[in-house]
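K.L.:
got a sequence here, can you model it:
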Amino acid sequence: MIRSILPALVLLLASPATAEMVAGCVVYADSDYVVIYTEMGYSVGELYGGFYLLGEEDMVVGDLNTYGFTDVYCPDKDRSAQVYIDDWMLDKDDALEWLFEKKR
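P.N.:
Just a heads-up that it's a prediction; the model follows:
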């Protein structure tokens, strides 16, 4: 019995407790930056891998409401991109301001 519980316990303890997977729609993406609309507002971040995979109107899933690195999965393309989430829960004006500051 212990042998059957041990793998599940290891997986549970190894998974991040704060990860919350949310869905979103990419509203802007280039080779460096991405803006994703979620139910809680706009998440903005820098692309570190797989930038060519994300395009406008792509639906994505990931931990979009936490600072730091996360893998963003695009189910339609069956691919992932690594993103550093810089801010989240922004309104449209704040997301645009963030993007304009980064693109200077």
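
K.L.:
please pull out the lowest mean pLDDT helix or strand from the protein.
P.N.:
When each helix and strand of the chain is scored by mean pLDDT, DSSP states H and E, helix 2-14 comes last, with a mean of 43.

K.L.:
what's the following helix or strand after that one?
P.N.:
Next helix or strand after helix 2-14 toward the C-terminus (DSSP states H and E): strand 22-29.

K.L.:
the very next helix or strand once past that next one: which residues count as buried?
P.N.:
Following strand 22-29 in sequence order, the next helix or strand is strand 33-38 (DSSP H and E). Within strand 33-38, the residues that count as buried by 16 or more other C-beta atoms under 10 Å are Tyr33, Val34, Val35, Ile36, Tyr37, Thr38. Placement of C-beta: from N, CA and C, glycine included.

K.L.:
run the chain-centre distance for strand 33-38.
P.N.:
Chain-centre distance of strand 33-38: 8 Å, with C-alpha atoms, centre = their mean, to the nearest Å.

K.L.:
parallel or antiparallel, list what pairs with that strand.
P.N.:
strand 22-29 (antiparallel), strand 41-49 (antiparallel) (DSSP bridges).
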